[in-house]
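1. this is the structure alone, sequence omitted:
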C-alpha cells in the first residue's frame, strides 16, 4: 500500500516549457487535490477533484490545468512554465471516512 | 479570513508534553478540527481530528473546549522527531472543501 505517489520528485524547467506532474493513489479515495507550497508559507490549493472526470479550481489555479481520467490518477499540467511557478507541489487524496493523505512532493524550479 | 489562529513558534524539552493551542472562534457547528504536521519539507501528515469530544490516538490527544472556540493538541512525550510545523485546520468532513493551511506553529523539540 503505497498511499499517494508523485512523479517526478524533482524537475528543472526553462521558462515557456511545459510539463505534467503525475499523482497516483491506491486507496480508492474519491477526492484528490493539488497544492503548492512556497518557502515559509502554508499550502495553497491549485485544483481539486471530487471524482473521476470532474475537476474544480482552487485558490491559485491560473497557469495550471488538471485532469482526472481515472479515479486513481490526478494530473497537473503547466502549459507554459513561468519562474513564479517555482515551488514544491503536493498532491493529496481523501475520502469521507479518512483524513487527507499527502504525497512526498515535487520540487519544481523554473529558470 | 483566517479561520484559525496559532502561535508562530514554540519550544519543548524532549520527553515533556507539548501543548499546541489553536483558536477557532468562528467555527461552525458542522466543522471538525483537524491537526496535521509537516516535518521538514515532507508532505503534511494527518495527526488527529475531532468535532466536540476529546480524542486520543497513538500519536496525540486533542482537547476541544466546550464552546468549541479553541483546542489544544497534546503530544504526551515529545521527541526530537516531533520537531515540525503543526497546522490546525477547521473543515467539514466529507466534502472536498479544500483544506486551508495557514502558517501553523513551528514546534522545536530540544534536548
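-> Alright, I've got the coordinates. Only a predicted model underlies this, so the values are computations on that prediction, with no experimental measurement involved.

2. contacts only, for the most centrally placed residue in chain A.
-> The central residue of chain A, meaning the one whose C-alpha is nearest the mean C-alpha position (CA atoms, centre = their mean), is residue A:34 at 3.2 Å. Counting by CB atoms under 8 Å, 6 or more residues apart in numbering or on different chains, residue A:34 touches A:21, A:23, A:45-48, A:58, A:64, A:66, A:74, A:76, A:89-91. To be clear about C-beta, it is placed using only N, CA and C from the backbone, and glycine gets the same treatment.

3. how does it look with 7 Å?
-> Listed by CB atoms under 7 Å, 6 or more residues apart in numbering or on different chains, the contact partners of residue A:34 are A:46-47, A:66, A:74, A:76, A:89, A:91.

4. ok, now residue B:65?
-> With the criterion set at CB under 7 Å, 6+ apart, residue B:65 makes contact with residue B:71.

5. and what of residue A:60?
-> So residue A:60 contacts A:36, A:44, A:46 (CB under 7 Å, 6+ apart).

6. rewinding a little: next one: the residue nearest to the centre of chain A relative to residue B:35, how far apart?
-> As judged by CB to CB, to the nearest Å, residue A:34 and residue B:35 stand 22 Å apart.

7. likewise for residue A:75?
-> Distance of residue A:75 to residue B:35, computed by CB to CB: 30 Å.

8. same deal with residue A:86?
-> 29 Å.

9. for chain B, which residues are neighbours of chain A?
-> For chain B, the residues in contact with chain A (CB under 7 Å from any CB of the partner chain) are B:34, B:41-44, B:46, B:49, B:87, B:94, B:96, B:98-99, B:101-104.

10. the same query, at a cut-off of 10 Å, please.
-> With CB under 10 Å from any CB of the partner chain as the criterion, chain B meets chain A at residues B:32, B:34-36, B:38, B:41-49, B:85, B:87, B:89, B:91, B:93-104.
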